[in-house]
Every structure is written in C-alpha cells, then in structure tokens.
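For reference, the sequence and a predicted model appear below.
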Amino acid sequence: MAIGNLTGVSQFLLLGVSEELKLQHFIFGLFLSMYLVTMFGNLLIILAVSSDCHLRTPMYFFLSNLSFVDICFTSTTIPKMLWNIQTQSKVITYEGCITQVYFFTLFAGLDILLLTVMAYDRFMAICHPLHYTVTMNPQICGLLVLVSWVISVLHSLLESLSLLRLSLSTFLEILHFFCELNQMIQFASSDTFLNNVVMYSGAVLLAGGSLTCILYSYSGIVSSIGRISSSQGKYKAFSTCASHLSIVSLFYCTGLGVYLSSAGTHSFHSSATASVMYTVVTPMLNPFIYSLRNKDLKKGLKKLFGKIIIKGPIGIGLQSPSSTIQEGIQTSAQRTTSQSSHAGESKSPKDTAETGHRE
C-alpha cells in the first residue's frame with residue numbers, strides 16, 4: 001500500500017509542550033538534562049548487570065532489558081523535539097510521523113510486557129522458591145523476552161497499518177511534542193471506526209491484560225509473605241519486589257492520568273504536559289528506584305566504578321580484596337620462615353658449646 005494513495009499530507013507541525021518563545025530555552029535545557037540522565041542511568045544498569053556475575057539472575061536480566069527498552073522509548077520522541085527547538089523548525093514529515101507512531105507503540109508495549117514478566121518472576125521466586133531455578137532457567141527467560149518482542153512488534157505494526165488507510169487533511173498542526181496515535185486518528189477525515197476498534201482493543205488486551213496478570217501475581221506474593229512467621233523474613237521477601245511495584249505504579253498511574261486528562265479537558269497542551277510524565281519522567285526514575293532500594297545492584301555499580309577506576313591512572317595503587325588477603329598470607333609465611341631461621345642461628349653456638357663440653 002503506497003502512503004500517498006490515501007492522503008495528501010506531506011508534513012505536520014509539532015507544536016510541542018508550549019508555544020511561548022520565552023520558554024523554549026528552558027524547555028530545551030530541561031528535556032536535554034532529563035534525556036541525558038535517562039540514557040546514563042539506564043546504561044549504567046545494563047553495564048552493571050553484564051559485568052557482575054552475581055547479578056546474572058532472571059530478575060536483573062529482565063531489568064537490563066527494561067533499561068534498554070526505556071532508552072529506546074525515550075529516544076523515539078525526545079531527540080526530535082530537541083532538534084525542532086534548536087533549529088526553530090516544527091516540521092515532521094508524514095513518513096517520519098508514521099515511523100514515530102510505530103516505534104513509540106512498540107516500546108510502550110514492550111515496557112508493559114516486561115513489567116508483567118518481572119511480576120511473574122517475583123511471583124515464582126516468592127511463592128514457589130523450590131521450583132524457581134527450574135522454572136526460570138535462562139532458556140525460559142530468553143523465551144519470555146522474545147515473546148514480548150514479537151507481541152509488541154505485531155501490535156505496533158497493526159496500529160501503523162491501520163493508520164495508513166486513513167485520509168487526512170492537507171495541513172495538520174499536532175498540539176503535542178510527538179506524533180501520538182490517538183491524535184492522528186482524530187485528525188482523519190475518513191471513517192475511523194476500524195482504527196478505534198484496533199486501538200481500544202489493543203489497549204484493553206495489552207495494558208488491561210498485563211495489569212490483571214500483575215495484580216494476580218502480587219495477590220499471591222502478598223498471601224505468601226503473610227504466611228512468613230518472622231518479620232525479618234517478611235521484610236526480605238517484600239524488599240525484592242518493592243522496586244518493581246514502585247515502577248509499575250508509576251507507569252500505570254501516569255499513563256492513566258494522561259488519558260483521563262485528555263478525555264476530561266479539551267486543552268491539548270495539558271495533555272502534552274501530562275504525557276511527559278510517562279514518556280520521560282518514568283524512564284528517568286527507573287534506575288534511581290532500583291539502585292536506591294537494591295543492595296545487590298548497589299554492589300554491582302560499585303564494582304563497575306571500581307573496575308573503571310582501577311583501569312585508570314588514579315587506581316594504579318588500588319588492589320582487590322582477594323589480592324590483599326593473598327599478599328597478607330604470603331607476608332605472614334615469610335615472617336614465620338625468617339623467625340625460624342633466626343632462632344636456628346641463635347641456638348647453633350649453644351649447641352656447639354654443649355657438644356664441646358661433652359667431649
């Protein structure tokens with residue numbers, strides 16, 4: 001299907017979060033800083049998990065995949081927005097807009113599915129600990145991630161293809177900082193019944209189904225934690241899933257707030273401002289939530305920074321704990337040997353004198 005057959009649109013105008021010229025430099029600096037923090041934080045988690053053998057578990061495997069998806073999710077919208085502000089050009093081509101809708105839908109769906117898989121992982125670890133290593137083996141973990149990718153690709157492809165069939169007006173102003181699927185459908189001049197069915201069915205099946213699975217997993221987790229007798233055991237069990245629960249709450253609450261605000265008000269600028277929460281703020285906060293509440297990940301990050309420092313000129317004199325222990329053992333052994341030799345030398349004249357007296 002050729003793109004130009006059903007529409008005469010060649011470009012759109014992305015009006016961004018605000019049209020006030022005085023705020024453009026502030027918006028550019030704010031979004032650039034948030035984007036850099038998002039990239040740096042999620043990249044650190046990926047490097048820490050891949051470099052530390054103690055973090056090569058299903059939970060951190062899924063976390064590293066989530067960090068990669070968050071980087072891609074943010075990179076779908078923010079670089080184009082920053083480019084438009086810097087060049088003072090709000091134009092985006094029709095092909096670029098369709099591409100942005102496709103990748104935005106893809107990585108948003110991957111975020112939802114990976115959070116669901118992580119909830120299932122915590123459910124198996126807490127509710128069925130004896131079968132955890134067998135059930136969540138590397139092959140199963142890789143298969144779960146692969147299935148998430150396949151579902152997200154098919155869903156985003158279906159949404160994009162259904163969008164291509166619409167006839168649009170010749171000139172459109174998008175009151176947003178990226179091409180959102182819902183607004184694209186609203187701007188259509190042809191029948192949008194099929195598009196609305198595809199969009200809302202996908203939202204119900206993907207987001208609603210995933211949320212149902214997450215709630216079921218945490219109901220089992222809460223029930224299992226309640227059966228633990230010691231308070232320390234309850235705290236350890238809950239601490240393993242507290243970070244994930246925080247991210248799920250943040251993602252779903254901000255996403256739900258965006259659609260409620262867009263449905264309850266006719267101001268697209270308020271909807272664009274609310275969209276910043278789940279498109280930029282949530283991916284930015286994910287590394288902080290996991291690193292601040294997770295001791296193992298803190299250790300992994302410390303080891304990662306330690307390796308970087310040791311390889312540099314500052315860390316020439318630094319030594320690892322194992323090498324320090326080995327050198328301590330060798331030093332004590334050398335001291336024992338030297339003491340024995342000195343003792344033997346001090347006794348030898350006395351032995352010689354006794355030998356001469358006996359003779």
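Right, received. Where do you want to start?

going forward, measure contacts between C-alpha atoms and count neighbours the same way
Fine.

the helices in this structure, which residues?
24-51, 58-75, 78-87, 94-127, 132-135, 138-164, 181-186, 193-203, 209-226, 231-264, 268-276, 282-293, 295-311, 321-358 (DSSP state H).

Show me where the stretch 101-250 of the chain dips below the pLDDT cut-off.
Along the stretch 101-250 of the chain, segments meeting pLDDT under 70 span 169-171.

Distance from stretch 121-134 to the middle of the chain?
22 Å (CA atoms, centre = their mean, to the nearest Å).

buried stuff in it?
121-127, 132 (16 or more other CA atoms under 10 Å).

Then stretch 176-192?
Buried, per 16+ other CA under 10 Å, within stretch 176-192: 176-181, 184-185, 187-188, 192.

quick revisit: distance to Val17 added to the helices of the chain, as TSV?
Formatted as TSV, those follow (distance: least, CA to CA, whole Å):
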stretch	distance to Val17
helix 24-51	8
helix 58-75	16
helix 78-87	10
helix 94-127	17
helix 132-135	46
helix 138-164	24
helix 181-186	15
helix 193-203	24
helix 209-226	29
helix 231-264	14
helix 268-276	6
helix 282-293	17
helix 295-311	35
helix 321-358	52
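
For Phe12, which of the ones you listed is the nearest?
helix 94-127 (6.7 Å; CA to CA).

Give me the buried positions along that closest one.
94, 96-98, 100-127.

OK, contacts around the closest residue to Cys241 other than its chain neighbours?
Leaving aside its chain neighbours, Cys241 sits nearest to Arg122 (6.4 Å; criterion: CA to CA, 6 or more residues apart in numbering). Contacts for Arg122 (CA atoms under 8 Å, 6 or more residues apart in numbering) come out as 59, 217, 221, 240-241.

that older thread, which members of the buried residues of stretch 176-192 are the farthest-apart pair?
Maximum pairwise distance among these (CA to CA): 23.1 Å, between Phe177 and Thr192.

Not counting its neighbours along the chain, what's nearest Leu115?
Val248 (6.8 Å).

Listing request: residues of the stretch 251-359 of the chain with sub-threshold pLDDT.
In the stretch 251-359 of the chain (pLDDT under 70), the answer is 259-273, 292-293, 308-359.

do that again at 80, thanks
254-275, 278, 291-359 (pLDDT under 80).

And the helices of the chain: which comes nearest Gln11?
Nearest to Gln11, of the helices of the chain and by CA to CA, is helix 94-127 at 4.9 Å.

now that closest one: how far from the chain's centre is it?
Using CA atoms, centre = their mean, the offset of helix 94-127 from its chain centre is 10 Å.

With stretch 177-186 instead?
25 Å.

ok, and what's touching that stretch?
Counting by CA under 8 Å, 6+ apart, 14-17, 77, 81, 97-98, 100-101, 163, 166, 174, 192, 195-196, 272 sit against stretch 177-186.

same thing with stretch 102-115?
By CA under 8 Å, 6+ apart, the list of residues contacting stretch 102-115 reads 62, 65-66, 69-70, 72-73, 76-77, 145, 148-149, 152-153, 155-157, 159-160, 206-207, 210, 244, 248.

again, only this time at 6 Å
73, 148, 152-153, 156, 160 (CA atoms under 6 Å, 6 or more residues apart in numbering).

Check these against Val37 and report the nearest one.
Nearest to Val37 among the contacts of stretch 102-115, with distances taken as CA to CA, is Phe73, at 14.0 Å.

Grab the nearest non-local neighbour of that closest one.
Phe73's closest residue in space is Phe107 (CA to CA, 6+ apart), at 5.3 Å.

cool, and Leu44?
Leu301 (7.5 Å).

From what I see, the one you found and Val49 are in contact.
No. Leu301 lies out of contact with Val49 (CA atoms under 6 Å); the separation is 8.6 Å.

Quick check: neighbours shared by these two?
Counting by CA under 6 Å, 6+ apart, nothing touches both Leu301 and Val49.

how close does the residue positioned nearest the centre of the chain get to Leu304?
Using CA atoms, centre = their mean, the residue of the chain that lies closest to the mean C-alpha position is Ser67, 2.4 Å off. Distance from Ser67 to Leu304, counting by CA to CA, to the nearest Å: 17 Å.

again, but for Val17
38 Å.

List the residues that contact Asn195.
Listed by CA under 6 Å, 6+ apart, the contact set of Asn195 reads Ser162.

For Leu168, which non-adjacent residue is spatially closest?
Ala188 (4.7 Å).

isn't that neighbour right next to Arg165, touching?
No. Applying CA under 6 Å, one finds Ala188 not in contact with Arg165, separated by 9.9 Å.

thinking again about what came up before, could I get the buried residues of stretch 121-134 as CSV with distance to Ile225?
Formatted as CSV, the buried residues of stretch 121-134 follow (distance: CA to CA, whole Å):
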residue, distance to Ile225
Asp121, 15
Arg122, 12
Phe123, 11
Met124, 13
Ala125, 12
Ile126, 8
Cys127, 8
Tyr132, 16
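
Count residues in the vicinity of the nearest residue to Lys234 once chain neighbours are set aside, would you?
If the residues on either side of it in the chain are set aside, Lys234 comes closest to Ile225, at 5.6 Å by CA to CA, 6+ apart. Ile225 is flanked by 20 other residues according to other CA atoms under 10 Å.
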